[in-house]
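Participant: Got a predicted model here, sequence first, then my questions.
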Amino acid sequence: MTSTTPMKNLDYGIIGNCKTAALVSRTGSIDWCCLPDFDSGSFFAHILDKENGGFFSIEPVGRYRIEQTYLNRTNILRTRFTRNGDSFEILDFMPRYLTEERSYHCPPDIIRYIRVLSGQPQICVHYNPRPNYAEHPTDVQVTSQFIKHFTTAG
């Protein structure tokens, strides 16, 4: 007799660029993503291992009502947070660019755009990449323009 343990929460949106994809939770956390391709090692695997899996969350401080939808006719995922007079949204996507040769360039990029809609919401950003199933330690560089991660392991 085989026993299976069902996953408790599969409430995820998906973003992708036809070479890879990421799962974005209803609360705005990227909990699964392999880069640069579907068959690459994971960068975020929180869905499989809460302690060592890695994630990229953008979460409000306090309790908010959350709605998650796609922008019409796009693969841009909108996660909207609302509480009283404070609201903001996260727009998540992975770009694909049409080249002059009529093929697609699919860089291993995740774009996360945070837009304040009203009030002064407070948010917390937790960026915890764990490349290649957390095989090597990762250093993170944060600037006002971008977040960069790297490992010195070969």
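Facilitator: Received it, and whenever you're ready, just let me know what you need.

Participant: Need the phi and psi values for the residue nearest in space to the middle of the chain.
Facilitator: By Cα atoms, centre = their mean, the chain has its centre lying nearest to I30, at 3.1 Å. Per-residue torsions, I30: phi -80, psi 110 (degrees, to the nearest 10).

Participant: pretty sure it contacts I58?
Facilitator: No - the criterion here is Cβ atoms under 8 Å, and I30 misses it with I58 at 9.0 Å. C-beta: built from backbone N, CA, C; applies to glycine.

Participant: Now for those two: what residues contact both?
Facilitator: The overlap between the contact sets of I30 and I58 (Cβ atoms under 8 Å, 6 or more residues apart in numbering) consists of R112.

Participant: Around the nearest residue to L98 once chain neighbours are set aside, how many other residues sit close by?
Facilitator: The spatially closest residue to L98, leaving aside those adjacent along the chain, is Y104, at 6.1 Å (Cβ to Cβ, 6 or more residues apart in numbering). Around Y104 there are 13 other residues, counting by other Cβ atoms under 10 Å.

Participant: same thing with T143?
Facilitator: T143 has 7 neighbouring residues, counting by other Cβ under 10 Å.

Participant: Next: the one 5 residues further on.
Facilitator: The number of residues packed near K148 is 10, by other Cβ under 10 Å.

Participant: just checking, it is part of a strand?
Facilitator: Yes - if the criterion is DSSP: H, G, I helix; E, B strand; the rest coil, then K148 is within a strand.

Participant: Do I have it right that it meets Q141?
Facilitator: Yes - with contact defined as Cβ under 8 Å, K148 reaches Q141; the gap is 4.5 Å.
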